[in-house]
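Asks: Have a look; sequence and predicted model below, questions after that.
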Amino acid sequence: MNIRARWSLPASAAFASMAFAAMDPAFFAAKVYPALEDAQCRGCHASDGVASGTRLHFPPKDASQEAIRFFGMSLGVLVDRGNPAKSVILAKPTNQIPHTGGQRIKPGSDSEKLLVAWIGHLASTPEASASPARVERTQRAGSQTGGAVRRLTHSQYNNTVRDLLGDDSRPALRFPPEDYIDGFKNQSRGQSMSPILIEAYSAAAEKLALNAFRAGDVNGLIPCKPASADDSKCRDEFLGKFGRRAFRRPLNTAELRRYAAAFSAHAHASGKFLEGARAIVEAMLQSPKFLFHVEERPDGRLGDYAVASRFSYLFWDTMPSEDLFKAAERGELRTAGGRDGWARRMVDSPLAVQAADEFFSQWLRFDRVLNAFKERRRFPEFTPELAAAMVEETKRLLQDLAWKDGNFMDAFRADYGFVNADLAALYQFPTPQAEFQKMPFPAGTPRAGLLGQGSFLAASAGPVETSPTARGIFVREQLLCQHIPPPPPNINTTLPEPSEEKPLTRRQRLAAHVEDPSCAACHRLMDPIGFGLENFDALGRWRDKETILINVAEDNRSTPKRFDLPLEIEGEIAGLPNSRFANSKQLGSILAESPVCQTCIVRQLFRYAAGRRETPDDREVIDRLSARFKESGFRFRELLIALGPAVEFRKGERNGN
């Protein structure tokens, strides 16, 4: 029975009662909204969903009831008031109109009846009853938008003790590993202080303090020459200078008094001025004022030193320089012009390359290839050195585009690269004259950009086989900022095994995902992307056929038999127009031209800079940054310069992150 027929049927008493109840927007929040949630509509129709480019945007998970009610009213724009039965809000989830997510609501179900009742209410409601502006304001009111206290990342800790103490031992490499949350290791909601991390900070502080004065004051931490162990004048000068650098702002009176007492106690007990200094260094390195960045004025705005610190950790991934401290003292960071000028100056520093590399390594998950395992008999050439070369190749491509003011979207379609001899052999390219020199790819090669590099292709594959699903997830989540919901619980993920009678390619085996309704909705969004890259094996080598080994019984023993199977190479990014492709070069061109991908780069850098996911309250900032990125010809340097002030001075931010 079609929609029109169902709509025209006489309603039962219960259904009529339900339609009457729908006149109250609270009905939507209590009945219809949960039905849409159960149908997993939010998974795609969220700001980070694969349908983020459509008109249907669900409010945040933590939205208020008022925001949910106004969301229900906003669905009026998806209702055909002349013929409600043809409303897209009904026809899409029931798959009466082809729907990328497949059938989410079964025709004739209670969920459909609830939705029909709400559509009937909206069809009889004036269109201006819930203006888009009012709905958006209400949704924003229901979201969590405040900043959060953030501690130094392991990278920032290493760089800070290097610049504070002159210590290059990189102690944070021995700290408990950081978790990736929302794609990065610096997200505030994942920066808890576990007992083991606190112990690691304590041990590192003790060792760093000992090393700082083991051979005397070799790094010039003490700005004066003490006359005696209890020289209070030199002590206070040391506390003022070192304290300002360690806490990234001047010590207040109470702090000076407390640290002076601790200094004098240790210096007096040992009879050594340096022992007092050592105790202070150890204590300050364990203070939250060192380990965290959080400073604000009474009005909730960031103070001068806090702005300097946040700029420094964004642009340099380390503590402020003396010049930046002095700029904060002079108030140069209080104006938009002053902040822009310092942002440009800082981006021109070599330290900015180091900081950007840290962003690139987390965004593109270099750890996955560096920690990858490949079956040695199939891929004997895969070594830690080759994995490191793959990462170096990607870093050099991004550095070339970012710091030579190239079009950063060329990262996806570049027909040149930075390879060494091992990578050239893997890619079947001519051997370069120098290691990692910039070289054009051979004419006609289907390999291009990031998605043609081993750092992606090897990382998104298993020990033996490719993984179209993993490659598709990477493109969706890292490059399009679209979250793929996890599989339902207790689902059977076993794929059919190939046999001698029926050898199957990876693509043919994965067809089971589309045949199972519980899998199809998500796998249609992921697998077809990976299918278009199946010419690249699990190491990133080009192949024309897929080779599989099947154990067959011969002479009472099992013997592996080789099958070379033809590949069906055709991929697509569901939801993006004109997105069919057959290799990384074609896929790269699609992504480079996609506004979704262009905006995703902005969003990823915003998340990294702010230490949190964006919220509806950040939409204006993201849109403004995206426009500037595009107007600059997609120059990464200009995006970075614009990002600093945009993140640090976002209206409504309260906490100093």
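Replies: That came in fine, so what should we check first?
Asks: Give the burial count for the residue lying closest to F629 once chain neighbours are set aside, as a bare number.
Replies: Setting aside the residues directly before and after it, F629 is nearest to L639 in space (C-beta to C-beta, 6 or more residues apart in numbering), at 4.6 Å. All C-beta spots, glycine's among them, are computed from the backbone N, C-alpha and C. By other C-beta atoms under 10 Å, 22 other residues sit near L639.
Asks: Next: A203.
Replies: Close neighbours of A203, defined as other C-beta under 10 Å, add up to 13.
Asks: And P566, by the same measure?
Replies: Applying other C-beta under 10 Å, we find 9 residues neighbouring P566.
Asks: which stretches of the stretch 501-650 of the chain form strands?
Replies: Per DSSP state E, counting those that start in this stretch, the stretch 501-650 of the chain has strands spanning 545-554, 557-566, 571-572, 580-581. These are given in chain order.
Asks: Quick check: the gap between the most centrally placed residue in the chain and C600.
Replies: With distances taken as C-alpha atoms, centre = their mean, the residue of the chain nearest its centroid is G183 (3.3 Å). If you measure G183 against C600 using C-beta to C-beta, to the nearest Å, the figure is 11 Å.
Asks: E393 too?
Replies: Between E393 and C600 the distance is 22 Å, computed by C-beta to C-beta.
Asks: what do you get for L165?
Replies: The value you get for L165 to C600, if C-beta to C-beta is used, is 39 Å.
Asks: just G190 next, same as before
Replies: If you measure G190 against C600 using C-beta to C-beta, the figure is 21 Å.
Asks: quick one: which of the two has more around it?
Replies: C600 (22 against 15).
Asks: which residues does the more buried one contact?
Replies: Neighbour list for C600: L479, L480, C481 [criterion: C-beta atoms under 8 Å, 6 or more residues apart in numbering].
Asks: Quick check: the second one touching V596?
Replies: Yes - checked against C-beta atoms under 8 Å, the pair L480 and V596 is within contact range at 5.3 Å.
Asks: Same drill for the two, tell me which one is more crowded.
Replies: Relative neighbour count places L480 above the other of L480 and V596, with 24 against 17, counting by other C-beta under 10 Å.
Asks: quick one, phi/psi of that one?
Replies: Listed backbone geometry of L480 is phi -120, psi 0, with angles given as degrees, to the nearest 10.
Asks: Not counting residues beside it along the chain, what's closest to A642?
Replies: Once chain neighbours are set aside, the closest to A642 by C-beta to C-beta, 6+ apart is R628, at 4.9 Å.
Asks: Can you read off the pLDDT for that neighbour?
Replies: Confidence at R628, expressed as pLDDT, is 96.
Asks: Distance-wise, check it relative to F634.
Replies: For R628 relative to F634 (C-beta to C-beta), the value is 10 Å.
Asks: do the same with S584
Replies: If you measure S584 against F634 using C-beta to C-beta, the figure is 19 Å.
Asks: Looking at the two, which is more packed in?
Replies: Set side by side, S584 and F634 give different neighbour counts by other C-beta under 10 Å, the larger being at S584 (27 against 19).
Asks: In contact with that one, which residues?
Replies: Each residue near S584 by C-beta under 8 Å, 6+ apart is listed here: P446, R447, A448, G449, L451, G452, L533, F536.
Asks: Could you export those as TSV, including neighbour count?
Replies: Converted to TSV, those look like this (neighbours: other C-beta atoms under 10 Å):
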residue	neighbour count
P446	15
R447	23
A448	24
G449	25
L451	28
G452	27
L533	26
F536	27
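Asks: Tell me the one of the residues you listed nearest A574?
Replies: Nearest to A574 out of the contacts of S584 is L533 (C-beta to C-beta; 15.5 Å).
Asks: Need the contacts of C600 in a markdown table (columns: distance to T469 and pLDDT).
Replies: Formatted as a markdown table, the entries for these read as follows, by distance: C-beta to C-beta, whole Å; pLDDT from 0 to 100:
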| residue | distance to T469 | pLDDT |
| --- | --- | --- |
| L479 | 16 | 97 |
| L480 | 15 | 96 |
| C481 | 18 | 95 |
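Asks: tell me which of these is nearest to P98?
Replies: L480 (20.7 Å).
Asks: Roughly how far does that closest one sit from G472?
Replies: In this structure, L480 and G472 are separated by 10 Å, where distance is defined by C-beta to C-beta.
Asks: Which residue ranges of the stretch 201-350 of the chain form helices?
Replies: In the stretch 201-350 of the chain, the helices defined using DSSP state H, counting those that start in this stretch lie at 232-247, 253-270, 273-285, 288-291, 304-315, 322-329, 336-347, 350-363.
Asks: Go through those and name the closest to F456.
Replies: Taking C-beta to C-beta as the measure, the helices of the stretch 201-350 of the chain were each checked against F456, and helix 350-363 came out nearest at 11.9 Å.
Asks: Surely A582 touches E570?
Replies: Yes - because the distance of 5.8 Å satisfies C-beta under 8 Å, A582 is recorded as touching E570.
Asks: Need the residues touching each of these two.
Replies: Counting by C-beta under 8 Å, 6+ apart, the residues touching both A582 and E570 are G532.
Asks: Between the two, which is the more surrounded one?
Replies: When A582 and E570 are compared for neighbours, A582 comes out ahead with 17 against 13, by other C-beta under 10 Å.
Asks: What are the phi and psi values at the more buried one?
Replies: According to degrees, to the nearest 10, A582 has phi -140, psi 10.
Asks: residues in contact with it?
Replies: Residues P446, G532, N535, I569, E570, G571 are the ones in contact with A582 under the rule C-beta under 8 Å, 6+ apart.
Asks: What is the most widely separated pair among those?
Replies: For those, with distances taken as C-beta to C-beta, the pair at the greatest spread is P446 and E570 (13.3 Å).
Asks: how about the nearest residue to T466, chain neighbours excluded?
Replies: When the adjacent residues along the chain are set aside, T466 lies closest to A538, with 5.2 Å between them (C-beta to C-beta, 6+ apart).
Asks: Over to A283?
Replies: In space, not counting the residues next to it along the chain, A283 is nearest to A262; the distance is 6.3 Å by C-beta to C-beta, 6+ apart.
Asks: Give me the neighbour count for that neighbour.
Replies: Residues lying near A262 (other C-beta under 10 Å) number 16.
Asks: Centroid-wise, who is the farthest residue in this structure?
Replies: Most distant from the centre of the chain: D555, at 54.1 Å, with distances by C-alpha atoms, centre = their mean.
Asks: Would you mind giving me the confidence score for E127?
Replies: Confidence per residue is given as pLDDT, and for E127 that number is 56.
Asks: so who does the closest residue to T153 other than its chain neighbours touch?
Replies: The shortest distance from T153 to any residue other than its chain neighbours is 4.8 Å, reached at N186 (C-beta to C-beta, 6+ apart). Residues in contact with N186, defined by C-beta under 8 Å, 6+ apart, are R150, T153, E178, Q362, Y608, G611.
Asks: who wins for most neighbours among the residues you listed?
Replies: Most neighbours among these, by other C-beta under 10 Å: G611, with 25 neighbours.
Asks: Would you confirm that E237 contacts P226?
Replies: No - here E237 does not reach P226: they are 9.5 Å apart, not a contact under C-beta under 8 Å.
Asks: Out of the two, name the residue with the larger neighbour count.
Replies: The residue with the greater number of neighbours, taking E237 and P226 and applying other C-beta under 10 Å, is P226; the counts read 21 against 15.
Asks: quick one: the more buried one from D236, how far?
Replies: To D236, P226 is 11 Å away according to C-beta to C-beta.
Asks: ditto for D422
Replies: When C-beta to C-beta is the yardstick, D422 and D236 sit 57 Å from each other.
Asks: swap in Q156?
Replies: 29 Å.
Asks: Can you pick out the residue with more neighbours from those two?
Replies: Neighbour comparison, Q156 and D236: the larger count goes to Q156, with 22 against 15 (by other C-beta under 10 Å).
Asks: before we move on, what SS does the nearest residue to N420 once chain neighbours are set aside have?
Replies: Spatial nearest neighbour of N420, chain neighbours left out: E435 (4.5 Å); criterion: C-beta to C-beta, 6+ apart. Under the three-state scheme (DSSP: H, G, I helix; E, B strand; the rest coil), E435 adopts coil.
Asks: Much appreciated, bye for now.
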